[in-house]
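**Q** Dropping the sequence and predicted coords here.
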Amino acid sequence: YRPDGGEMMKQLGRPLPIRVEFRRQLTRKRTLVAFLLILALPLIVVAAVKFGPSSDGGGGFGDGDLDLVGLATAGGWNFALTMVFFASGFLLLILIAMFCGDTVASEASWSTLRYLLISPVPRRRLLFSKLTVALILSAVSILILIVVSYLIGLIAFGSGALSTPTAGPFTETEAFLRILAIGTYVFLSLLFAAGIAFLMSVITDIPLAAVGTAVIVVIVSNILGAIEALGALREWLPTNFANAWIGLLNEEIEWTDIYRGISYSVISFLILITIAVLKFDRKDITS
């Protein structure tokens, strides 16, 4: 049984529209699970804050100290910021790797990929549709995390202004723009992982291998970035500036690391996607 085979056959004879691919990916169980995980994270954290051992005001998470986590209970904006901080290191990495790494490899594992290409659907058109939808779902995941976290934080902790360890309080408009900029940077910084996952999705027929490779490469890159003996070489790692979005929390935004982080991630992404396209152009589709 191939869950999307019937829909695939309906598309034979014409290019695969992005809206069709988006509908197919949106209705898959793994997409639903991904969104449920995003919704669950702020709920779990709120429950831990409200009912955990330190919920009586004895210190710990959200105790109001001048650190990013300590300010989490200052209001909805601060809670949303803390959820981005928690999720950007691993959860969002897993999700963007899943969306980009599963998209082509899953078609091959279901043996529907060759039917798509017989139609004929131009190979590059197929990759463009799948990559576009994967990136849209990744961006939507970050947006959902921010919006849901803000609403939950608003209900649980009130409407306090956004405050950070280095600046604030910000106005509502400033808070919105800063959080939006942070979410955009997190998305762009994860493009490196997206590129690896998509390249592996083209190379392998095993979705888990594509996702796992992307996650492992990012973890190894982070480990290398923590080795001081490498000196200035660490600054050339695409993941070295993953947390540069913290500069957006200052009164005067520090743009240097932000620009470098975006540049390294986007350039790496474009190189990896180019390799994936060239590889797929010459790939013998047997499954």
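**A** All right, it came through fine.
**Q** number of nearby residues for residue 282?
**A** 7 (other Cβ atoms under 10 Å). Using the backbone N, CA and C atoms, a C-beta is placed for each residue, glycine as well.
**Q** hang on, I meant residue 266
**A** Neighbour tally, residue 266, other Cβ under 10 Å: 16.
**Q** Does the host helix or strand of it pack against any helices or strands, and if so which?
**A** Per DSSP states H and E: residue 266 is located in helix 255-281. Judged by 3 or more Cβ pairs under 8 Å, 6 or more residues apart in numbering; DSSP states H and E, helix 255-281 is in contact with helix 123-157, helix 172-189, helix 191-203.
**Q** Where does pLDDT dip in the stretch 151-287 of the chain?
**A** Scanning the stretch 151-287 of the chain with the threshold set as pLDDT under 70 gives 168, 283-287.
**Q** quick one on the thing from earlier: include mean neighbour count when you put the helices and strands packed on helix 255-281 into TSV, please.
**A** Formatted as TSV, the helices and strands packed on helix 255-281 follow (neighbours: other Cβ atoms under 10 Å):
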stretch	mean neighbour count
helix 123-157	19
helix 172-189	18
helix 191-203	27
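**Q** Report the buried residues of the helix or strand where residue 208 lies.
**A** Using DSSP H and E, residue 208 maps to helix 207-225. By 16 or more other Cβ atoms under 10 Å, the buried positions in helix 207-225 come out as 207, 210, 211, 212, 213, 214, 215, 217, 218, 221, 225.
**Q** Let me have those in JSON lines, adding distance to residue 247 as columns.
**A** As requested, those are arranged in JSON lines below (distance: Cβ to Cβ, whole Å):
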{"residue": "207", "distance to residue 247": "35"}
{"residue": "210", "distance to residue 247": "32"}
{"residue": "211", "distance to residue 247": "30"}
{"residue": "212", "distance to residue 247": "31"}
{"residue": "213", "distance to residue 247": "30"}
{"residue": "214", "distance to residue 247": "26"}
{"residue": "215", "distance to residue 247": "26"}
{"residue": "217", "distance to residue 247": "25"}
{"residue": "218", "distance to residue 247": "21"}
{"residue": "221", "distance to residue 247": "20"}
{"residue": "225", "distance to residue 247": "17"}
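**Q** Farthest pair within the residues you listed?
**A** 207 and 225 (27.6 Å; Cβ to Cβ).
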